[in-house]
Each structure stands twice: as structure tokens, then as C-alpha cells.
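Student: The following block contains a protein sequence and its predicted model.
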Amino acid sequence: MGTSWSARIVDAPPGSAAAIEAVLGRIIAQMSNWEADSAISRFNAAPVGQWMPLPADMLAVLRAGLDMARLSDGAFDPAVGRLVAKWGFGPGGLKGLSEEPHHPSPWRAMEIEGDRARRMADVTLDFSGIAKGFAVDAVADALCERGAAHFLVEIGGELRGQGIRPDLQPWWVDVEAPPGLRLPTLRIALCGMSVATSGDYRRFREEAGIRLSHSMDPATGAPIANDVASVTVLHESAMLADAWATAITIMGHERGMALATRHGIAACLIRRLGGGGQEYMTPALAAMLE
């Protein structure tokens, strides 16, 4: 996944580390665009229109991604792989921008029937906005199955806390403001909750002094050009927190936070404004912090 993982487990059951590594190995084998033999790479390379059976985990993530695409009117798109590659954020790096027109709604070119799926146009899957969250949930489920009751799991900055720490305190997590912005640190207690953050400072490159984010806006076929610096979402599901954070980031502060508010999502958005930062919270998150 191109990142690190960690787990703090109280009275860790024997074999916990091996169980975590097995879960992550399974997810990488299914959903990593950087592995040529992964299920997602083979699916993306299959002829357009050809059905392919999908592993259970990958199918679950694809279904969730398509649901979020419908909910966000395509802002979140699990089939945005061609755009990611075009702008140099895919496995092949920057190869020069293609002038070919992009598909206006890549996710609409995906079809699912039972346990199989197919591409109806030359678009490709990219789960970078949802797979880490899914992995956090999968690791947490594996630990619970082994009898662990108190733990904090983290993969690339996405976290889930279960139970409490040995000192009987909750798993406190600090969500720092993006670099260079002076804003208060958001401190949250994770107890049966997950948190995910999407930010323009994590994966980006600069061209002619312009910051190009890895977050693609399917509506424009280019990296997002709004002033969103970061979005943090709390949710029982790390996968959905991950997807919501991505969707809100791409939609921008007005549309994204309005959608999150309508669906009762606990979210915090930080905008870059005149060299400083401005913070917005949905009512659901504000209520949790009272």
C-alpha cells in the first residue's frame, strides 16, 4: 500500500502480528495497483466487456465505492485509475499527459452481477481513496476474532480504536492541522470509532509553483483545484470514513460539508485562505466534541 501500519494491543492474543500480516497480504494481493498480479491489476487489464469473478474483499470494496459514487454524484469514483495514472500518481509515475478525453463518469462504466464485474469502457479501478480504511476494518475484525478487546490500529494515518487503554483512558488521537496552518489540534477519543483524513499535503507534486494534489476531480479530469487543505471524518467504519473524507475533499467545502451534514457525518474541513486556515465542522462532529 506504500505506507506503514501499527497496532497497539492490550494483552495481545498469541499470533496477533501474524494474523495482521496475513490480512494485509490478502488485501494487497487483491487491491494493490502496484502489484502486477493483483486481482485489481488483472481486472484492469482484462478486455472491456469481459466478466471477471472478484474475490470477496475486492467485491465488497467495489460495491461500497460505487455506493459512495452515487451518493456524491461521482465526486468519489473508484474507477478513476486512468486519471490517477495520467497525472503521474499511479504505479508508472509521470509519463506525460495524454490528450485523449477522459470518461465523464468512470464509475458508471462498471457493472456488477453476483460475484463478478466488468468494465464497459476503458476505465480502470483505483481504490486509493477507500482501501486503507477497509484494511483497518479488516485488521480490527481479525483481532476481535482472536479475542482482542482493546486495541488501536493504524494504517497510513487511518485509525480505529476499540475498548480502552491499560490506564483505563480511551484511545486519544490528535488530528494535527496541515503543515503551515496555525489551527488548534483536534483531539478525539476513539472507542469503537474510526478516523480518516484526506489532505493535499500527503501526496502531491509541484509544477511551476502550483501544487498538484493526488486527489482527482472526475468532473474536470484533473487534480482538485479547490482550497481544501484537509478533511477528517469520524465513522464506525474506517472504510466509510476514508471514502467520505475523499468525497468531501473533492466536492469542496460548500458542497462536501453540506452533503456530510445531510447524512449526519462527523467531519472537519480545513480551507487554505490567504496564507492561513479556516476550520469547518458538521453538526454531528460538533455535538461529539461538546
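Tutor: That came in fine, so what should we check first? Numbers count the residues shown, from 1 in each chain.
Student: Just list whatever residues bridge to the nearest residue to Cys144 once chain neighbours are set aside.
Tutor: Using C-beta to C-beta, 6 or more residues apart in numbering and skipping residues adjacent in sequence, the residue nearest Cys144 is Gln162, 7.2 Å away. C-betas here are computed from N, CA, C, even on glycine. Beta bridges link Gln162 to Phe151 when assigned by DSSP bridges.
Student: In contact with Gln162, which residues?
Tutor: Ala140, Leu143, Cys144, Ala148, Ala149, His150, Phe151, Leu152, Cys191, Gly192 (C-beta atoms under 8 Å, 6 or more residues apart in numbering).
Student: Give me the subset of these that lies in strands.
Tutor: Phe151, Leu152 (DSSP state E).
Student: Can I get the buried ones among the contacts of Gln162 as something I can paste into ChimeraX?
Tutor: A single ChimeraX command selects the buried members of the contacts of Gln162 (16 or more other C-beta atoms under 10 Å):
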select :140,143,148,150,151,152
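Student: Among the contacts of Gln162, which one lies nearest to Arg8?
Tutor: Distance to Arg8, by C-beta to C-beta, is smallest for Leu152 among the contacts of Gln162, at 4.6 Å.
Student: What distance do you get for that closest one to Ile224?
Tutor: Separation of Leu152 from Ile224 (C-beta to C-beta, to the nearest Å): 30 Å.
Student: where does the stretch 101-250 of the chain have low pLDDT?
Tutor: Confidence mapping of the stretch 101-250 of the chain against pLDDT under 70 gives the ranges 101, 200-214.
Student: Would you map the helices across it?
Tutor: Assigned by DSSP state H, counting those that start in this stretch, the stretch 101-250 of the chain shows helices spanning 131-145, 238-251.
Student: Counting neighbours, which bits of the first one end up buried?
Tutor: Going back to what we said before, that points to helix 131-145. Neighbour-count burial for helix 131-145 [16+ other C-beta under 10 Å]: Ala131, Lys132, Gly133, Phe134, Ala135, Val136, Asp137, Ala138, Val139, Ala140, Ala142, Leu143.
Student: I'd like to check which residues are in contact with the last one.
Tutor: With C-beta under 8 Å, 6+ apart as the criterion, the residues that contact Leu143 are Ala7, Ile9, Pro13, Ser16, Ala19, Ile20, Phe151, Val153, Gln162.
Student: Look at the third one and report its pLDDT.
Tutor: Yep, that's Pro13 we're talking about. Note for Pro13: predicted pLDDT of 97.
Student: Kindly report the same for the first one.
Tutor: Predicted confidence (pLDDT) for Ala7: 97.
Student: quick one, what contacts it?
Tutor: Ala7 touches Ser16, Ala17, Ile20, Val139, Leu143, Phe151, Leu152, Val153, Glu154, counting by C-beta under 8 Å, 6+ apart.
Student: Name the residues of the helix or strand hosting it that come out as buried.
Tutor: Element membership of Ala7 [criterion: DSSP states H and E] is strand 5-9. For strand 5-9, a neighbour-count test (16+ other C-beta under 10 Å) marks Trp5, Ala7, Ile9 as buried.
Student: Please pull up the helix or strand immediately following it.
Tutor: helix 16-31.
Student: circling back: need the contacts of Gln162 in JSON lines with distance to Val61, can you?
Tutor: Shown next, in JSON lines, are these (distance: C-beta to C-beta, whole Å):
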{"residue": "Ala140", "distance to Val61": "16"}
{"residue": "Leu143", "distance to Val61": "20"}
{"residue": "Cys144", "distance to Val61": "20"}
{"residue": "Ala148", "distance to Val61": "24"}
{"residue": "Ala149", "distance to Val61": "27"}
{"residue": "His150", "distance to Val61": "27"}
{"residue": "Phe151", "distance to Val61": "22"}
{"residue": "Leu152", "distance to Val61": "23"}
{"residue": "Cys191", "distance to Val61": "25"}
{"residue": "Gly192", "distance to Val61": "22"}
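Student: For Asp217, state which of the contacts of Gln162 is nearest.
Tutor: Of the contacts of Gln162, the one sitting nearest to Asp217 (C-beta to C-beta) turns out to be Ala140, at 31.2 Å.
Student: so the closest one makes contact with Arg160?
Tutor: Yes. Using C-beta atoms under 8 Å, Ala140 makes contact with Arg160 at a distance of 5.0 Å.
Student: shared neighbours of these two, anything?
Tutor: What both Ala140 and Arg160 touch, as defined by C-beta under 8 Å, 6+ apart, is the set Val153, Ala238.
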